[in-house]
Structure formats: C-alpha cells, structure tokens
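>>> I would like the atomic coordinates for the input below:
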Amino acid sequence: MKPSKGIYLFVLPALILYGIFVLYPAFYGLYVSFTNWDGLSAGYEFVGFRNYRNLLMYDTIFAKSVVNNLKFMLFVVIGQTTLSLVFALFLVRNTKANIALRTLYFLPTILASVSVAFIWAAMYDSNFGMIKAILGLFGVQNGPGWLADPDIAIYSVAFAQVWAHTGQLMIIFIAGLQAIPADLFEVAAIEGASKFQTFRLVTWPLIAPAAAIVIAYTTLQSFKAFDLVFAMTRGGPNNATEIIATFIYRLAFQSYKFGYASAASMLFLVFVAAITIIQFKLLRTDRTG
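As a prediction, this is how the structure comes out:
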C-alpha cells in the first residue's frame, strides 16, 4: 500500500529546525567568509577571495595549526586504535576480573574534556606533577617540559586525549570480537595456526567493520578537541599546540575578525571532508581487499 502524502508532514518540524540551526548558519558563514565583518558592525565590506588567499598563502599560524592538527590526529588515531584493540583482546572474556578492568578503563570517558585537561596539566606540572615524582624515583631529576617544550607539547596533549577515550573504543572492539563465531578459532587451532596467524587471518578481517568505526570516530574526535587543547595550553607555547579550532576561536572572539574566521572555518570543513573521504576509501579498500 502506498503511504499517504500526509506522512511527510511528520518530518517537517525536524527539517525546519535543521534548516534554521544548521543550513542557514552554514550558508551565512560561507557568505560572511567573503567579507571583512568584525562581528559587531552593522555593515561590512565584500572582499571576495582575499580572506582565503591570505590564509592559504601568507598566514603562517594557520599553516602551523593545520600541521599541528595532523600531528594530533595521527597520534590520537594510532594510539587510541592500537591501545583499545590490545585492551579488547586481553579483556574479551566475560570474567569478573575483566569486567572490573573494563569498568576501570572506561571511567575516564565519562569525564568532561576540561576536567581531563586540568588533571593532565597538573600531572605534567614541572615542579609538583606526579610524572615528575615518578621520574624522580628512577633518578631523572630534570624531565622534559611536557607542555612547555614546543617539540613535544602537541603530543603531550594528544596523550591526554588517548587516555580519556581508549576505554570507550575498547568496548566497540570487544563487541566486535565477541560476535566472531568460536568455531572459526577452533578450526584455526586444528589447522595449527599460530596466535598471530589466527589474528591476521580470522580475527582482523572479522573486526574490520568495528575498526572502521573506531578509526572514523577517532578522526572526527581529534578535530573536535578544542576544549581539551584550550584548557591545557591555550594553544601555546609559541603556537606549538595551536589547532585549527583554537585558531578560529582566536580570530573570532579575541581579534574580532569574523569574516576571516569564517573563511578559516570553510577551509576547515573542506580539510575534514577531504580527510574523511580519503579515510573512507582506504578503509573500504582494506575491508574488500
């Protein structure tokens, strides 16, 4: 039976809200990106592609924020995916000890990002931090400046992100592992396959969908780390932890360059879309090949 046309009215409120709060701001932001609006003035000048040209050709801080974001993303994606998979492999059985450890590893996920930032900023403290105390037990008196050294600051922040969300992604891998039929492992054992061969030929192909979800989610998560980065370092030292999100925030709400910030936001959108498309193609090739 053909559905009544009136049924489409049920989705109309959602479409209206989506248009007001998503589509309109997006297209208005695109329009503003071609102006020099400061966010306060009633009028503004249309400047064409000048904002985009300056960002792509002359703005060294924007270029640095893109590089930092890539470093942050790679560290988080590799770290979270690897650790969550390792934890899932060790804790896949539903024993009391494993369930307790799963709960323990999952707990950081429920913390707000700002809370995680304050916890790790205190741990990284070069005078009274826990990490300094632990290193001191091994005779290391002058450890690295985790958040003060421009060469390692972005990785120090990324590690806090990994710590906070590894337990969440571990649950996804555990669900994928528990969905694999036990018969396949029995067959592999009968055929004399080693643990590595069993993982490569049985486990990994069957948890590839879970891995794709984890990698895609972690990638998007790494681009939304504004609150963690801003609370820990404010983008410092010397823009060493400046990511695109904090760069846009500074432009809009500290320098009042809303037109310029809108252009950076549009480039950010294109950048994330390109990363997502490339990742999707690579993951699809891996799963089908």
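
>>> ok, and the closest non-adjacent residue to residue 224?
Excluding its sequence neighbours, the residue lying closest to residue 224 (Cβ to Cβ, 6 or more residues apart in numbering) is residue 245, at 7.2 Å. Any C-beta I mention is one placed from the backbone N, CA and C, and that applies to glycine too.

>>> the strand or helix carrying the one you found: how far from the chain's middle?
Secondary structure from DSSP states H and E places residue 245 in helix 244-253. What separates the centre of helix 244-253 from the centre of its chain is 17 Å, taken as Cα atoms, centre = their mean, to the nearest Å.

>>> outside of it, which residues touch it?
Contacts of helix 244-253 from elsewhere in the structure, counted by Cβ atoms under 8 Å, 6 or more residues apart in numbering, are 39, 61-62, 65-66, 69, 223-226, 229-230, 234-235, 257-258, 260-261, 264-265, 268, 271.

>>> of those, just the buried ones, PyMOL syntax please.
Listed next is the PyMOL selection for buried residues among the contacts of helix 244-253, using 16 or more other Cβ atoms under 10 Å:
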select buried, resi 62+65+66+69+223+225+226+229+230+235+257+258+260+261+264+265+268
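
>>> helices of the stretch 101-250 of the chain, start to end?
113-123, 130-137, 153-178, 182-190, 195-198, 204-223, 226-233, 244-253 (DSSP state H, counting those that start in this stretch).

>>> give the buried residues for the helix or strand just after the last one.
By that I understand helix 244-253. Downstream of helix 244-253, the first helix or strand assigned by DSSP H and E is helix 258-288. Judged by neighbour count (16+ other Cβ under 10 Å), helix 258-288 contains these buried residues: 258-268, 272, 275, 279, 283.

>>> least confident pick among those?
Among those, residue 283 has the lowest pLDDT, at 71.

>>> so that residue sits against residue 214, correct?
No - Residue 283 lies out of contact with residue 214 (Cβ atoms under 8 Å); the separation is 10.4 Å.

>>> give me the neighbour count for residue 128.
By other Cβ atoms under 10 Å, the residues close to residue 128 number 9.

>>> quick one: pLDDT of it?
For residue 128, the pLDDT comes out at 85.

>>> for it, give its distance to residue 137.
Using Cβ to Cβ, to the nearest Å, residue 128 is found at 15 Å from residue 137.

>>> and residue 119, how far from residue 112?
According to Cβ to Cβ, residue 119 and residue 112 sit 11 Å apart.

>>> higher neighbour count, those two?
Taking other Cβ under 10 Å, residue 119 and residue 112 do not tie; residue 119 has more neighbours (17 against 12).

>>> which residue is nearest the middle of the protein?
In the chain, the centroid-proximal residue (Cα atoms, centre = their mean) is residue 222; its distance is 1.7 Å.

>>> return the residues in contact with that one.
With Cβ under 8 Å, 6+ apart, residue 222 has these contacts: 69, 72, 73, 76, 77, 158, 161.

>>> and with 6 Å instead?
Going by Cβ atoms under 6 Å, 6 or more residues apart in numbering, residue 222 touches 72, 73, 76.

>>> for the protein, which spans come out with low pLDDT?
1-4, 285-289 (pLDDT under 70).

>>> please redo it, this time with the cut-off set to 50
For the chain, no stretch has pLDDT under 50.

>>> picking up where we left off before, could you report the distance from the residue nearest to residue 224 to residue 30?
Using Cβ to Cβ, one gets 18 Å for the distance from residue 245 to residue 30.
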